Structure formats: structure tokens, C-alpha cells
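Colleague: quick one, fold the following:
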Amino acid sequence: MSGEVTRRVRKRDKFKSRWSTIQPSEDGGGESGPLKRLSAMWSSFRRGKRDRMKDVAETSESLDPGAADSPVREQRYASGQYFFEYLVVVSLKKSKEGNYEPQITYQFPKRDKMVKFQREAEEKTLKAITLFCFPEGINWASLTESHSETFSFVLTEIDGSRRNGYCRRLLPKGNGARPPEAYCIISRLACFGLFSKIFDEVEKRHQISMAMIYPFMQKLREAPFPAPGNTVEIKSFIPESGTEIITLTRPLDSWLEHVNFGTVFSCLTNEEVLVVFAAAVLERRIVFIADELGTLSQILHAVAALLHPFTWQHTFISIVPEILIDVVMAPTPYLLGVQKKLLDQVTDQSDLLVVDLSEDKKETFIVSIGDERSVLPPKLHDEILQALRARREGAAVEELNRVVSEAFLTFFVKTVGHYASYVTYSGASGVFEKRRFYKAIESKTTRHFVKKFIQTQMFDLFIQEVEQQRPGPRQGIFHEKILEYQKRKKGDKAKKH
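Modeller: Alright, predicted model coming up:
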């Protein structure tokens with residue numbers, strides 16, 4: 001997947017699937033323990049509610065791209081070069097009881113030639129999509145006007161692989177009061193800004209006719225996904241406008257292409273961002289509260305990006321459907337996005353951080369452990385703060401993302417950037433000398449932080465990958481920053497002598 005380092009989990013019994021599994025409680029069977037009703041992060045729904053929700057818990061490996069695709073296209077697809085797997089339209093249909101239920105009313109491309117296990121896996125995926133497109137539940141009021149909103153979610157499978165759901169909700173064509181509908185694109189690729197632009201084009205065609213969407217999506221599906229920093233052009237015909245050329249540019253920093261830090265700083269102050277970072281870096285339970293779905297999805301992806309080059313290894317649900325709210329009771333670390341109307345079901349928990357992102361909030365941290373402001377070494381805390389304050393007002397997304405990401409990347413360079421010197425190789429693999437590593441840190445406060453950080457799964461899996469690699473120079477922006485920092489330190493020492 002673009003913009004992400006895939007980590008092979010060696011200690012299966014300890015770590016299980018990344019970003020995915022909510023472990024069931026161990027207090028007996030049947031209805032005891034609310035977490036008994038939850039399994040895979042994206043596909044476990046409360047059992048017994050409705051037939052449409054049962055047996056969604058188990059999902060197979062990634063779906064076949066469809067029998068209609070040629071072998072060459074399948075190969076391109078498997079390597080992550082397709083823009084998307086499929087587009088669906090999810091509509092709210094009124095039941096006999098008077099409640100609204102989300103149902104898929106359009107799918108492109110259709111997959112007819114599938115074997116049984118593929119068909120069953122796709123059905124479970126589609127059921128999950130309907131809930132994430134309308135996480136608010138079954139109670140809806142028809143609307144005469146509504147602004148469109150764009151948000152994203154993650155579908156995590158049992159094997160830990162991920163697919164991204166990009167969703168835009170808008171009112172269907174028509175007169176009078178009517179419920180909204182959702183357009184959802186499922187893709188292996190994480191690039192929120194790019195898919196937002198695609199939705200602009202889909203919405204433009206939606207206003208003319210549903211028939212106009214098909215040829216555009218077909219052209220998009222046939223187009224090769226651009227490498228970071230590159231652009232692809234798609235020709236599309238619109239009546240009265242003629243043939244249009246749509247340019248889609250992929251950001252240069254692929255690990256930031258799903259992120260817009262502007263949303264973070266519109267909701268949180270610099271100091272509050274550091275409180276959230278402190279909780280995330282020690283892999284604690286964090287719940288974000290907001291009214292807007294787009295705010296929740298963007299904030300959660302931004303917080304995860306602050307941890308680069310490390311990767312959040314635990315439960316990650318950018319928008320928790322109402323039917324899955326019991327996930328807040330999980331004892332394991334998580335990053336969750338919850339709509340504000342469900343706040344009361346969150347605040348009865350302890351040992352977590354609850355962050356209110358809404359405009360009318362009375363306080364940002366509704367629940368906290370209390371030590372978050374003392375987690376980071378004071379000197380490095382102040383350096384991050386200084387870097388964040390230096391960002392330019394009104395800066396473009398790319399510039400803001402660079403300034404913010406470098407501030408936190410520098411923090412990791414200064415705390416654990418010396419790790420490579422403490423990996424000794426014998427044969428094909430290496431061994432990390434943990435004790436020597438943290439003992440080598442001169443600052444007492446930094447050493448105290450690092451002793452905690454090296455116990456996290458994100459650091460452990462990072463080191464596992466290093467141990468499995470051959471010795472030699474590393475690649476990537478993190479290692480570039482390490483070399484720059486080491487060179488600067490040598491220069492400073494030379495000046496003193």
C-alpha cells in the first residue's frame with residue numbers, strides 16, 4: 001500500500017493483526033462480556049440485531065478484482081496500481097417499522113463471475129460499507145437541503161491488510177424532503193485529497209445524470225495510478241461542456257498523502273496537539289469526539305501520521321458506527337472517532353484520553369489520565385512547540401504537512417535515531433541490544449521516555465524489521481534526517497575543539 005511500510009509480524013501470539021482485531025473478553029461465553037460480540041475491527045457487528053448483521057465478523061483475504069479483468073490488469077491491481085476497487089452508492093430505504101436502513105443501490109464494476117467464497121466475502125464487505133457510510137444508526141429525518149460532506153474509513157481484514165473507504169454524502173436529485181445518499185469508493189490506496197477531487201467530478205456528473213458517472217469511473221479505473229509527485233490526466237465528456245481533461249496529482253510525500261494537518265490545528269492548539277501525541281506515542285486509548293464525520297476521519301489519520309516512521313499497531317476506527325460503540329470498552333489501545341451524540345457512552349470509561357474537537361466545546365480533554373503533559377522530555381517538548389509556532393499562517397497543505405511532520409520526525413531522530421548502532425548482526429539476522437541502546441542516552445529525562453517507548457508494539461515491530469534486514473545504509477526520510485543530525489552533531493563537536 002502506498003505511503004506505508006508493511007511490517008511482518010514475527011511474534012504472532014503476542015501481536016496478532018495490526019490495526020484490526022478487538023480481542024474478546026475472557027469472562028465466559030454467551031452474552032457475558034460486551035466484547036464477545038466484537039471480532040474484526042471493521043466487520044464485527046452486534047449479533048442478534050438483524051439478519052443483515054449476522055456473520056459479518058469473519059472476512060477473507062483481499063477480494064479478487066473480478067473475473068472480467070484481464071491477467072495484465074489483475075497484476076496491475078495486485079501491485080496497488082488501480083485507483084479503486086469499486087464505487088458504490090448507498091441509499092437510505094425506509095423499513096416497515098419506519099426506520100431507515102442503508103442499502104447499496106448502485107455498484108461499479110459489477111462482479112458476476114465469482115466463486116462462492118469470493119461472493120460471500122464481497123457480501124460481508126458491502127454490508128460493512130453500508131454501516132460506515134451511515135454510522136449514525138437508523139433514525140433519520142428527511143431533508144430539503146444539505147451540504148455535501150466527505151470522510152473516510154478503514155476496512156481491516158483478519159490478515160491485517162487494509163482497504164480505504166472514501167465517502168461523500170449528498171442529497172439525491174429530486175424535490176421535497178428526502179434522506180441523503182452516500183457515494184463510496186473502496187481503494188487500497190491512501191490519498192484523501194486525491195479522492196476528494198475525484199468525488200468533485202462524481203458529484204458534478206451526479207447533478208446531470210447517474211449515467212454520466214459510469215464512463216468517468218471506467219476511465220479512472222483504466223488509468224494507471226501515478227507515482228508520488230506525478231500527475232495523470234483523464235479525458236471525460238460532459239454534455240454542453242464537451243471533453244474535459246481532469247488532472248490528478250499525487251503528493252510527493254506519499255506517507256502524508258492521506259493527511260491534512262490544517263484540520264488538526266483548526267480544532268486543537270499547539271499544546272493540545274502535544275498532549276494527544278504524548279498519549280499516542282505510548283499507545284494509550286484515545287477517543288476523539290466531533291459532530292462532523294470529515295473532521296473525525298481527518299484528525300485520526302493526522303494523529304497516526306505524527307508517529308512516522310512508526311506505525312500505529314492497534315485498533316483504529318476513524319468513525320465508529322453506533323452499533324459498534326461497545327468497542328470503547330476494549331482494554332487494549334485504540335484510536336477511535338465517535339460522534340458527539342454518543343459522548344455519554346464514552347465518558348463512563350477511565351484510563352483513556354477523550355478529546356473534544358467540536359466548536360462549542362467547554363473543554364478539550366473531557367477525560368484524561370493526567371500525566372500526558374509530562375510524558376515527553378521537557379527540552380524536546382519545547383523544541384516541537386517552537387517548530388509548530390513557526391509555521392506560516394495560510395500555508396498550503398503541502399508546506400504545512402512538511403513543517404509539522406518534520407517537527408515530530410526530528411523528535412524521533414533525537415530520541416531513538418541512534419538505534420542502528422545497537423543492532424549486531426550474525427549471519428542473516430541481527431539482534432537489538434535494548435539495554436545498551438537506552439543506557440547510551442545522556443539526558444535523564446530523554447532516557448526515562450525512551451525506556452517507556454521501547455516497550456510499545458510500534459517500536460518493537462520497527463526493530464523486528466530492522467533485525468531482519470541486511471546491515472548497511474537505510475533509505476527513507478527518517479534515515480536521511482538521522483544522517484543530517486549526526487553530521488550536524490559532529491560539526492558542533494569539531495567547533496568546540
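
Colleague: show the pLDDT at the most centrally placed residue in the chain.
Modeller: Central residue of the chain (C-alpha atoms, centre = their mean): H301, 4.5 Å from the mean position. Looking at H301, its pLDDT stands at 92.

Colleague: I'd say it and G193 touch.
Modeller: No: H301 lies out of contact with G193 (C-beta atoms under 8 Å); the separation is 11.2 Å. C-beta here means a position set from N, CA and C on the backbone, and glycine is covered the same way.

Colleague: what touches both of these two?
Modeller: Common neighbours of H301 and G193 are not found (criterion: C-beta atoms under 8 Å, 6 or more residues apart in numbering).

Colleague: and the helices in the stretch 151-300 of the chain, which stretches?
Modeller: 192-206, 213-222, 261-267, 270-281, 293-305 (DSSP state H, counting those that start in this stretch).

Colleague: any chance of these in a markdown table, plus distance to V90?
Modeller: Below are those laid out as a markdown table (distance: least, C-beta to C-beta, whole Å):
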| stretch | distance to V90 |
| --- | --- |
| helix 192-206 | 14 |
| helix 213-222 | 14 |
| helix 261-267 | 24 |
| helix 270-281 | 31 |
| helix 293-305 | 13 |
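
Colleague: most packed of those helices?
Modeller: The highest mean neighbour count among the helices of the stretch 151-300 of the chain, using mean count of other C-beta atoms under 10 Å, belongs to helix 293-305: a mean of 24.

Colleague: how far away from the center of its chain is the helix or strand following it?
Modeller: On the C-terminal side of helix 293-305, the nearest following helix or strand under DSSP states H and E is strand 315-317. Remark: strand 315-317 is offset 8 Å from the chain centroid, using C-alpha atoms, centre = their mean, to the nearest Å.

Colleague: then stretch 151-170?
Modeller: The chain centroid and the centroid of stretch 151-170 are separated by 8 Å, computed with C-alpha atoms, centre = their mean.

Colleague: would you mark the buried spots in that stretch?
Modeller: 151-158, 160-170 (16 or more other C-beta atoms under 10 Å).

Colleague: tell me which element the residue nearest to V89 when sequence neighbours are not counted falls in.
Modeller: With C-beta to C-beta, 6 or more residues apart in numbering as the measure, Y106 is the residue that lies nearest to V89, at 3.8 Å, once sequence neighbours are left out. Counting by DSSP H and E, the element that carries Y106 is strand 100-108.

Colleague: quick one: buried residues of the helix or strand just after that strand?
Modeller: For strand 100-108, the following helix or strand on the C-terminal side (DSSP H and E) is helix 116-133. Judged by neighbour count (16+ other C-beta under 10 Å), helix 116-133 contains these buried residues: 118, 121-122, 124-133.

Colleague: tell me how far G174 lies from A494.
Modeller: From G174 over to A494 the distance is 73 Å, taken as C-beta to C-beta, to the nearest Å.

Colleague: er, K219 actually
Modeller: 58 Å.

Colleague: for the stretch 251-400 of the chain, what spans make up the strands?
Modeller: Counting by DSSP state E, counting those that start in this stretch, one finds strands in the stretch 251-400 of the chain at the ranges 285-290, 315-317, 334-339, 353-356, 365-367.

Colleague: quick one: the third one to strand 285-290, angle?
Modeller: The reference is to strand 334-339. What separates the directions of strand 334-339 and strand 285-290 is an angle of 20 degrees, with axes from the mean of the first three to the mean of the last three C-alpha atoms, to 10 degrees.

Colleague: contacting residues around strand 334-339?
Modeller: By C-beta under 8 Å, 6+ apart, the list of residues contacting strand 334-339 from outside reads 135-136, 280, 285-291, 293, 296-297, 299-300, 303-304, 312, 314-320, 322, 325, 327-328, 346.

Colleague: ChimeraX command for the buried members of those residues?
Modeller: With 16+ other C-beta under 10 Å as the criterion, this ChimeraX line picks the buried residues out of those:
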select :135,280,285,286,287,288,289,290,293,296,297,299,300,303,304,312,314,315,316,317,318,319,320,322,325,327,328,346
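
Colleague: dihedrals phi and psi, the nearest residue to P135 once chain neighbours are set aside?
Modeller: Sequence neighbours aside, P321 is the residue nearest to P135 in space, at 3.9 Å (criterion: C-beta to C-beta, 6+ apart). P321 has phi and psi values of phi -60, psi 150 when expressed as degrees, to the nearest 10.

Colleague: show me where pLDDT drops low in the stretch 51-200 of the chain?
Modeller: Applying pLDDT under 70 to the predicted model, the residue ranges of the stretch 51-200 of the chain that meet it are 51-81, 137-146, 158-160.

Colleague: ok, 90 please
Modeller: Residue ranges of the stretch 51-200 of the chain with pLDDT under 90: 51-86, 93-101, 106-128, 131, 135-150, 152-164, 170-180, 187-197.

Colleague: which stretches of it form strands?
Modeller: Using DSSP E, counting those that start in this stretch, the strands of the stretch 51-200 of the chain run over residues 86-94, 100-108, 149-156, 162-170, 181-187.

Colleague: out of these, nearest to V403?
Modeller: strand 149-156 (23.4 Å; C-beta to C-beta).

Colleague: OK, contacts around A223?
Modeller: The contact partners of A223, by C-beta under 8 Å, 6+ apart, come to F83, V232, I234.

Colleague: look up how far T150 lies from the first one.
Modeller: Taking C-beta to C-beta as the measure, F83 and T150 are separated by 16 Å.

Colleague: who's more crowded, the two?
Modeller: With neighbours defined as other C-beta atoms under 10 Å, F83 and T150 compare such that F83 has more, 24 against 20.

Colleague: which residue sits closest to A304, ignoring its sequence neighbours?
Modeller: By the measure of C-beta to C-beta, 6+ apart, the closest residue to A304 outside its immediate chain neighbours is W312, 4.9 Å from it.
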